[in-house]
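A.B. asks: just to be clear, the model below is a prediction. Sequence and coordinates:
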Amino acid sequence: MTAHVPQLIDKLAHRRHRERAAAGFGNVNFLKQAAADRLADRLEIVKRHFPLVLDLGAHHGEMTKAALASGKVDRVICADPALGMARYTAADIPSCVVDYDNMMFGEATFDAIMSAFSLHWVNDLPGMLARMRQWLKPDGLLLLSMAGGVSFSGLRSCLAEAESQTAGGLSPRVLPMADIRDLGGLLGRAGFGLPVADSDTLSITWPDPFHMMRELRQMGETNALLGRANHMTRKDTMMQAIKLYQDRFQTDDQRISAEIELITLTAWSPSPDQPKPLKPGSAEVHLGDFLNSDQDNQQD
Amino acid sequence: MSNTDKASNSGAGSRELDPILLEVLVCPVCHGPLSYDRARHELISKQAGLAFPIREGIPVMLVDEARQLDPDE
């Protein structure tokens, strides 16, 4: 099945970046934390209790901690592509190392699955959603937050422009990220019901573009695209990109800013007792009658 | 690998395999059941002929990190 999915992401490189980032991740986890906070807010308004929950792409367990603090969750299992990350989850949290592309949990196992700021690193998102639906019990909750397509678009364009100016060509550098409209559709196609998607954009500032790129590396969010250039970026390319970035994205206080779009998604695995739209033609009152009577009232 | 303070504070080094992981995990290759080899710190998938290592109580369910089982194992 996965053979037909275009592979964009070098999984081994992404795992390596995450392993390398693991020890220091706690110092740069603000995007992870922002994503986890949004999902915790969503959990807050759900009038349900979730005995067993999966936290996929768990990093140090930030989302797990927030979910347990909500009081709506009994047990959480953390799963991450990197052992280094999993070692930092609290000792009483069961943790495992997984490949996102595999079916490594039993069907109908979890009451909820959540994932904060990780699943933009999945090659086959439709397949991932389909697997998550299988891992969920009926009427189970899916809570996802990931980086959306607007994120780091300024960095993408500056790197592309600098590379074509200095090296005379282009190589993939910034991960293509999902669009909110696509994600809503993907949830439906994976068989989820009652999908809700929204997005908000954070504006983060750094002293300069070097700091920004260094911090992305410390988060394990560096370029792990399969077609990436397999050599260090030329110095003149990097300097040109930094100059372009500084010119275009400087703030009033001489820092630089970048926009990060966080897409938050919730959906439910199907169950017979969920609210569903009625069949077309099954209404007992004619819509026209209703509209006419309303008009009559207004005329009175 | 050098343990940083944070990891040792969280007790990662002394972590035991949580039995709930045996209830939720299946073989990532054949989706069949796994058995726990306590002595060797491995999760065994007989059907796929693979042994997945457990490091510091954390099962590593990656096929490229798994050990091929001998036919008589």
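C.D. replies: Done, it's in. Numbers count the residues shown, from 1 in each chain, chains lettered A, B, ... in the order given.

A.B. asks: check contacts around the nearest residue to A:Leu39 once chain neighbours are set aside.
C.D. replies: Using Cβ to Cβ, 6 or more residues apart in numbering or on different chains and skipping the chain neighbours, the partner closest in space to A:Leu39 is A:Leu143 (4.7 Å). (Each C-beta comes from the backbone N, C-alpha and C, glycine too.) Shown in contact with A:Leu143 (Cβ atoms under 8 Å, 6 or more residues apart in numbering or on different chains): A:39, A:42-43, A:112-115, A:265-266.

A.B. asks: most surrounded residue in those residues?
C.D. replies: A:Met114 (30 neighbours; other Cβ atoms under 10 Å in any protein chain shown).

A.B. asks: sec struct for that residue, please.
C.D. replies: Judged by DSSP: H, G, I helix; E, B strand; the rest coil, the three-state class of A:Met114 is strand.

A.B. asks: was I right to think it contacts A:Asp55?
C.D. replies: Yes: when contacts are counted by Cβ atoms under 8 Å, A:Met114 is listed as touching A:Asp55 (5.6 Å).

A.B. asks: list the residues that contact both of those two?
C.D. replies: Common neighbours of A:Met114 and A:Asp55, using Cβ under 8 Å, 6+ apart, are A:63, A:67.

A.B. asks: re earlier: quick one: the residue nearest to A:Leu39 is in a strand?
C.D. replies: Yes: judged by three-state DSSP, A:Leu143 forms part of a strand.

A.B. asks: quick check, pLDDT for it.
C.D. replies: We note a pLDDT of 97 for A:Leu143 in this prediction.

A.B. asks: again, but for A:Leu43
C.D. replies: We have a pLDDT of 95 for A:Leu43.

A.B. asks: element containing it, please.
C.D. replies: helix A:30-44 (DSSP states H and E).

A.B. asks: now what about that helix, what contacts it?
C.D. replies: Outside helix A:30-44, the residues that reach it (Cβ under 8 Å, 6+ apart) are A:25, A:59, A:62-63, A:65-67, A:69-70, A:72-73, A:114, A:116-117, A:143-147, A:200, A:202, A:204, A:219, A:260, A:262, A:264, A:266.

A.B. asks: circling back to that earlier point, can you give me the separation between the residue nearest to A:Leu39 and A:Thr64?
C.D. replies: 12 Å (Cβ to Cβ, to the nearest Å).

A.B. asks: show me where chain B has helices.
C.D. replies: Here chain B has its helices, by DSSP state H, at B:5-9, B:20-24.

A.B. asks: does A:Leu244 belong to a helix, a strand or coil?
C.D. replies: With three-state DSSP as the basis, the three-state label of A:Leu244 is helix.

A.B. asks: can you report how many residues neighbour it?
C.D. replies: 20.

A.B. asks: now do the contacts for it.
C.D. replies: Taking Cβ under 8 Å, 6+ apart as the test, what A:Leu244 contacts is A:158, A:161-162.

A.B. asks: residue contacts, A:Gly106?
C.D. replies: Taking Cβ under 8 Å, 6+ apart as the test, what A:Gly106 contacts is A:135, B:23-26.

A.B. asks: wait, which of those residues is closest to A:Asn223?
C.D. replies: A:Trp135 (29.8 Å; Cβ to Cβ).

A.B. asks: ok and the residue in the stretch 101-250 of chain A nearest chain B?
C.D. replies: Here the residue of the stretch 101-250 of chain A nearest chain B is A:Asn102; by Cβ to the nearest Cβ that distance is 3.6 Å.

A.B. asks: quick one, which of the contacts of A:Gly106 are buried?
C.D. replies: A:135, B:24-26 (16 or more other Cβ atoms under 10 Å in any protein chain shown).

A.B. asks: quick one: the helices in the stretch 101-250 of chain A?
C.D. replies: A:125-135, A:153-166, A:180-189, A:209-218, A:235-248 (DSSP state H, counting those that start in this stretch).

A.B. asks: is it possible to get a markdown table of those helices that adds mean pLDDT?
C.D. replies: Listed next are the helices of the stretch 101-250 of chain A as a markdown table, based on pLDDT from 0 to 100:
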| stretch | mean pLDDT |
| --- | --- |
| helix A:125-135 | 95 |
| helix A:153-166 | 87 |
| helix A:180-189 | 86 |
| helix A:209-218 | 90 |
| helix A:235-248 | 90 |
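
A.B. asks: ok, back up a step: widest-spaced pair of the buried ones among the contacts of A:Gly106?
C.D. replies: A:Trp135 and B:Leu25 (11.0 Å).

A.B. asks: joint contacts of the two?
C.D. replies: Residues touching both A:Trp135 and B:Leu25 by Cβ under 8 Å, 6+ apart: A:105-106.

A.B. asks: residue ranges with poor pLDDT in chain A?
C.D. replies: Under the criterion pLDDT under 70, the flagged ranges of chain A are A:1-3, A:226-227, A:230-232, A:293-300.
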